[in-house]
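J.: For reference, the sequence and a predicted model appear below.
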Amino acid sequence: MKLRNLAAAFAGMAFFAAAALAQSARIDGDVIGFDGKPLAGAVIKLHRTDRPGDLQTKTDKTGHFVVMVQNEAAFAISVEVNGAVVDSQNARASLASPPTIRFELAKSKSAKDAENAALQKVVDAGGQLTPDMERGLTAEQKDDLERKRSAEMDAIKKHKDLNDAYKAGVDAMEAKQWATAIASLEKASTIDAKQTAIWTHLADAYLADAATKTGADRDAETQKGIDAYTQAIALKPDDAGAHNNYGLALANAKKYPEAMAEMAKAAQLDPPGAGKYYYNLGAILVNSGQSDQAYDAFQKSIAADPNYADAYYQEGVSLMAKAQIGADGKVTPAPGTIEAFQKCLSFENKCTFAQQCKDSIAALSSSVDTNYTDPNAKPATTTKKKK
């Protein structure tokens, strides 16, 4: 009976041992060194992240390690070489399908950090890879570092050249040296053609230079300005200011329908600024003698911003050309002309053309002398009778 009970007890112990063994979870891992070969003797530290309990082991001669725990557990696993952490990752010990963790030190963050630090030293040293920098790097790492160094040095030089050319162009524009500005900004655009600011400044420089020319030279320079704005808008199509300036350039080239379309686009992109955009266009059209188109532009300006005082003055100016002078010399202004000037005056200090409004109202309220006098006629003489 005792033997039977003892046998039963051993059987129970074997059962519980088997159960305990069945409940063991594990993590397998491999460590590949900086030289691409299995790394023996690396210290593996496992820090439990779900509850207290840290473990430690080392890799064998094949760079492999195994860690057994009683139940599934979450760990932060780090690899140390010569007392320094060189790589880490998270893993979970599993009962059913134990994970195999692979550490490739040449691809680790610490390796990349070291590589980037070495690259910065190369850059700081003027681009040369010193023997001290090369020590500990594989041939592949050296080649990769050299490629990065070359790219970095090119980028730095390009960036400096770009900034120098751009700044020279802007400085020349401030000094109204248009030819110098154009040359510098053109150089900047060849270094980096994807900078919107370069194209908008270049466009403005072309247009300012065009204003100093006449005939075909003026037309050619204006077209260059238009082309530069086209480049700017292609890079940043949602820039309302660029569309506004592009529209003004088109108006200068007498491309009025296209100019109106650009102003409409600017207004669509920036509704609060729509009054200004249409006002600018109207001013260009007035100066170009396009009174009908100017009137339409100022109407759009007022519709977008009913409190834009000066737009009412300009509306009145664009209507002045429609005034009629009768045979009796009486001036009959186009409907709405005087009202436009009065509306501007109603804004008081906001009306920057107050005196012009008053003068225009007075002129439209007067008559024009229609009697003709021959400037070559001799004055009439009288003869006095002698007494």
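T.: Looks like it arrived, so ask away.
J.: Assign a three-state SS to residue 352, would you?
T.: Recorded secondary structure, residue 352: coil (DSSP: H, G, I helix; E, B strand; the rest coil).
J.: ok, now residue 30?
T.: Here residue 30 is strand, with the state taken from three-state DSSP.
J.: can you pull out the helices in this structure?
T.: 2-22, 109-124, 131-134, 139-174, 178-191, 196-210, 215-235, 240-252, 256-269, 274-287, 291-304, 309-320, 337-346, 354-364 (DSSP state H).
J.: Let me know which of the ones you listed is the nearest to residue 44.
T.: helix 109-124 (15.5 Å; Cβ to Cβ). The C-beta positions use only the backbone N, C-alpha and C, and glycine is treated the same way.
J.: before we move on, the earlier item: out of the helices of the chain, which gets nearest to residue 69?
T.: Taking Cβ to Cβ, helix 2-22 is the member of the helices of the chain nearest to residue 69, at 12.1 Å.
J.: taking the mean pLDDT, what do you get for that closest one?
T.: The pLDDT scores in helix 2-22 average 40.
J.: Which among the helices of the chain is found nearest to residue 71?
T.: helix 2-22 (10.5 Å).
J.: quick revisit: let's have the helices of the chain in a markdown table, adding distance to residue 40 and mean neighbour count.
T.: A markdown table is the format used below for those (distance: least, Cβ to Cβ, whole Å; neighbours: other Cβ atoms under 10 Å):
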| stretch | distance to residue 40 | mean neighbour count |
| --- | --- | --- |
| helix 2-22 | 29 | 9 |
| helix 109-124 | 19 | 14 |
| helix 131-134 | 25 | 12 |
| helix 139-174 | 21 | 14 |
| helix 178-191 | 52 | 19 |
| helix 196-210 | 57 | 22 |
| helix 215-235 | 56 | 17 |
| helix 240-252 | 64 | 24 |
| helix 256-269 | 65 | 19 |
| helix 274-287 | 73 | 23 |
| helix 291-304 | 77 | 21 |
| helix 309-320 | 83 | 24 |
| helix 337-346 | 90 | 20 |
| helix 354-364 | 92 | 16 |
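J.: closest one to residue 62 among the ones you listed?
T.: Using Cβ to Cβ, those put helix 109-124 closest to residue 62, at 21.3 Å.
J.: and that closest one, average pLDDT?
T.: 59.
J.: now do stretch 335-351
T.: Per-residue scores along stretch 335-351 average to 92.
J.: got it, and stretch 71-78?
T.: Across stretch 71-78, the average pLDDT comes to 85.
J.: and if you look at stretch 245-261?
T.: 86.
J.: Now do the domain split for this structure, please.
T.: Using automatic domain parsing, the domain parsing of the chain gives 2-107, 319-369.
J.: Kindly present the ones you listed as a markdown table, with separate columns for distance to residue 171.
T.: Converted to a markdown table, the domains of the chain look like this (distance: least, Cβ to Cβ, whole Å):
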| stretch | distance to residue 171 |
| --- | --- |
| domain 2-107 | 47 |
| domain 319-369 | 32 |
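J.: So which of those is nearest residue 208?
T.: Comparing those by Cβ to Cβ, domain 319-369 comes nearest, at 24.2 Å.
J.: check contacts around residue 166.
T.: 184-185, 188, 195, 197-198, 201 (Cβ atoms under 8 Å, 6 or more residues apart in numbering).
J.: Check the gap between it and residue 225 for me.
T.: In this view, residue 166 and residue 225 are 18 Å apart by Cβ to Cβ, to the nearest Å.
J.: rewinding a little: indicate which one of the helices of the chain is closest to residue 33.
T.: helix 109-124 (10.5 Å).
J.: so which of the helices of the chain gets nearest residue 38?
T.: Here helix 109-124 is closest among the helices of the chain (Cβ to Cβ), at 16.5 Å.
J.: Could you export stretch 224-237 as PDB, CA atoms only?
T.: The C-alpha trace of stretch 224-237 is given here as PDB (Å, rounded to 0.1, in the frame of the first residue of the first chain):
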ATOM      1  CA  LYS A 224      10.100  87.100 -69.300                       C
ATOM      2  CA  GLY A 225       8.400  88.500 -66.200                       C
ATOM      3  CA  ILE A 226       5.200  86.700 -67.200                       C
ATOM      4  CA  ASP A 227       7.100  83.400 -67.800                       C
ATOM      5  CA  ALA A 228       8.800  83.700 -64.400                       C
ATOM      6  CA  TYR A 229       5.500  84.100 -62.700                       C
ATOM      7  CA  THR A 230       4.200  81.100 -64.600                       C
ATOM      8  CA  GLN A 231       7.100  79.100 -63.000                       C
ATOM      9  CA  ALA A 232       6.200  80.500 -59.500                       C
ATOM     10  CA  ILE A 233       2.600  79.600 -59.800                       C
ATOM     11  CA  ALA A 234       3.400  76.100 -61.100                       C
ATOM     12  CA  LEU A 235       5.400  75.500 -57.900                       C
ATOM     13  CA  LYS A 236       2.800  77.100 -55.600                       C
ATOM     14  CA  PRO A 237      -0.600  77.300 -57.300                       C
END
